[in-house]
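Visitor: Next one to model:
(one chain, ligands or ions: 1)
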Amino acid sequence: MDSTFPEGRYRKFSHYLRQRFGGPVRKLSLDAGFSCPNRDGRLSAMGCVFCDPRGFTAREMTGSLALEKQISLQIEKGKTRGITRFMAYFQPYTNTYALREKLKCVYDTILAFPEICALAIGTRPDCVDEDKLNLIAEYTDQYEVWVEYGLQSIHDATLQRLNRGHDAAAFFRALELTRRHSEVRVCVHVILGLPGETAEHEQQTAQTLGRLHVEGVKLHPLYIVKDTALALAQKENPIPLLTQSEYVERAGRFLEQLWPETIIQRLTADCPEDVLLAPLWLPQKTKVIQALENWLQEENTWQGKAYPVLEK
Ligand code: SF4
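Guide: Numbers count the residues shown, from 1 in each chain. You can find the predicted model right below:
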């Protein structure tokens, strides 16, 4: 067998979006100014050990611009490159961490932009409830809607080591609540190469996500950013990080276990080079993805190859 998908050996998000919307769709990285219960002291003030206090890339890029301005600037930029459709992505921190009224006010900002065709909301599994998901589901009348849950691993011992402040059960509950709205799609964030995890742990995470038929997955290797708990720990007791070729193999083995229908939304990370401490190969995104595609080819394997046949 050569490949399972017309676009290659895994289900690519860009291909899916082209098919679904008839052309390329660009993500708008939006920062609505939310905080996170694992940062503001409700759960902890320290955050996850890898969490960049600057709020990953989006807060860096957008600064304190009003949401409307963030949207219009990015749409204008996209249009100069011939892009006409956009996905609003509420990205940094926890974008369901507010009362329903406030959330509605924030999400409603996109209504003024007819170029937006899809909405993605990044959050923690312990920060959704029925009321918030009912609100999110209302947007499916007009938009394709994704809720993105930061999970990272299905193993509670790992989640504790990462100071996530929630367990795997919180994710299962969130998924069950989200599933009550069949039109809302779920994307799960996973990190490979986490402290204490082997390839087997990661494959168990993939198998669980496969069984749960999650619609999307975002993957990246563990990386260390300045001013994080991980950076401090690294000084005293260096954490072994994956080399590029180790990551490629681990990501390939992870893909093999997934449900073949899951859309792979990301295979590596965006991190500004001035704050990245390690691994230094991380910014070479194209090279990493190409190496993974070559590996899948050489191993003659693909997403879902190890997915249980009876469940297909
Ligand atoms: S849940 Fe997200 S925003 Fe909150 S501390 Fe962890 S990584 Fe940072």
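Visitor: quick one: low-confidence ranges for this protein?
Guide: Scanning the chain for pLDDT under 70 picks out the ranges 1-3, 55-64, 310-312.
Visitor: can you give me the helices for it?
Guide: According to DSSP state H, the chain carries its helices in the segments 13-21, 56-62, 67-80, 100-107, 130-138, 156-161, 168-179, 199-211, 229-236, 244-257, 285-298.
Visitor: out of those, which comes closest to D274?
Guide: helix 56-62 (9.7 Å; CB to CB). C-beta here means a position set from N, CA and C on the backbone, and glycine is covered the same way.
Visitor: can you pull the contacts of L175?
Guide: 125, 149, 186, 212, 214 (CB atoms under 8 Å, 6 or more residues apart in numbering).
Visitor: Repeat the analysis, applying 10 Å as the threshold.
Guide: 125, 128, 147, 149, 151, 186, 188, 209, 212-214 (CB atoms under 10 Å, 6 or more residues apart in numbering).
Visitor: Out of these, give me the one that has the most neighbours.
Guide: When neighbours are counted by other CB atoms under 10 Å, V147 leads the contacts of L175 with 29 neighbours.
Visitor: so that one touches H181, yeah?
Guide: Yes. When contacts are counted by CB atoms under 10 Å, V147 is listed as touching H181 (9.2 Å).
Visitor: joint contacts of the two?
Guide: Common neighbours of V147 and H181 (CB under 10 Å, 6+ apart) are 133, 136-137.
Visitor: can you pick the most crowded of the residues you listed?
Guide: Going by other CB under 10 Å, I136 tops these with 24 neighbours.
Visitor: Contact partners for that residue?
Guide: 96, 100, 103-104, 107, 119, 121, 123, 128, 145-147, 178, 181, 184.
Visitor: Verify the stated contact: H220 with P279.
Guide: No. With contact defined as CB under 10 Å, H220 does not count as touching P279 (11.2 Å).
Visitor: ok, the two, which is more surrounded?
Guide: H220 (21 against 18).
Visitor: Tally up the residues packed near the residue in the stretch 201-312 of the chain that the ligand sits nearest to, please.
Guide: Proximity to the ligand, evaluated over the stretch 201-312 of the chain using CB to the nearest ligand atom, is greatest for T228 at 9.4 Å. Burial of T228 is recorded as 22 neighbouring residues (other CB under 10 Å).
Visitor: one step back: buried ones only from the contacts of I136, please, as a PyMOL command.
Guide: Here is the PyMOL command that selects only those of the contacts of I136 that count as buried (16 or more other CB atoms under 10 Å):
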select buried, resi 96+103+107+119+121+123+128+145+146+147+178+181+184
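Visitor: what two of the contacts of I136 are the furthest from one another?
Guide: Farthest pair in the contacts of I136 (CB to CB) is R100 and W146. Separation: 19.1 Å.
Visitor: which residues does G196 contact?
Guide: 153, 155, 157-158, 160-162, 239.
Visitor: what residues are up against E183?
Guide: Neighbouring residues of E183 by CB under 10 Å, 6+ apart: 137, 139-141, 143-145.
Visitor: can you do 6 Å?
Guide: If a contact means CB atoms under 6 Å, 6 or more residues apart in numbering, then E183 has T140 as its contacts.
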